[in-house]
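Asker: Sharing a model that was predicted from the sequence below.
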Amino acid sequence: MILVSACLIGENCKYNGGNNLNEKLIEFLKNKEYISVCPEAISGLGTPRDAVEIVKGEVLTKEGISCTKEFEIGINKVLKEIEDYKIYYAVLQSRSPSCGVNKIYDGSFSGVLIKGKGKFAQALENKNIKTIDIEDMTL
């Protein structure tokens, strides 16, 4: 089973109500078993929602409002949902405060990227589930 960021298969679950549809990924997933998830969308924050970044380990809006608890709720819901599946790897959306694998925004809301992981990507790796940044996949 492959775990996939829901936005990558066209679900409108991004913070701004849009998606990150990746046609090559859709083609790759044909005839494969996969589960699509968005921990942010099921966290209780809704869609659309305020943009957030990770600041000193906490998930904050530009105005400084913490969404850390909601992120943890969404992550835990997804982890519970997938616990009975053998997940071979997860294909996640780049730069996301949830799903970023290699880089995330620096917390200044200025578009600057730093080396780091989103909260969901880190939780998956803590469960020994390999994470792959969609930008690193050769499809």
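Answerer: Looks like it arrived, so ask away. Residues are numbered from 1 along each chain as shown.

Asker: And the strands in this protein?
Answerer: Counting by DSSP state E, the chain has these strands, from start to end: 2-5, 34-37, 52-55, 58-61, 89-92, 103-105, 113-115, 130-133.

Asker: The residue nearest the centre of the chain and residue 112: what is the separation?
Answerer: By CA atoms, centre = their mean, the chain has its centre lying nearest to residue 99, at 2.6 Å. Going from residue 99 to residue 112 by CB to CB, to the nearest Å gives 18 Å. C-beta here means a position set from N, CA and C on the backbone, and glycine is covered the same way.

Asker: what's the answer for residue 93, then?
Answerer: Relative to residue 112, and taking CB to CB, residue 93 is found at 18 Å.

Asker: Please apply the same query to residue 22.
Answerer: Taking CB to CB, one finds residue 22 at 24 Å from residue 112.

Asker: Name the residue in the two with the higher neighbour count.
Answerer: Using other CB atoms under 10 Å, the more surrounded residue of residue 22 and residue 112 is residue 22, with 22 against 10.
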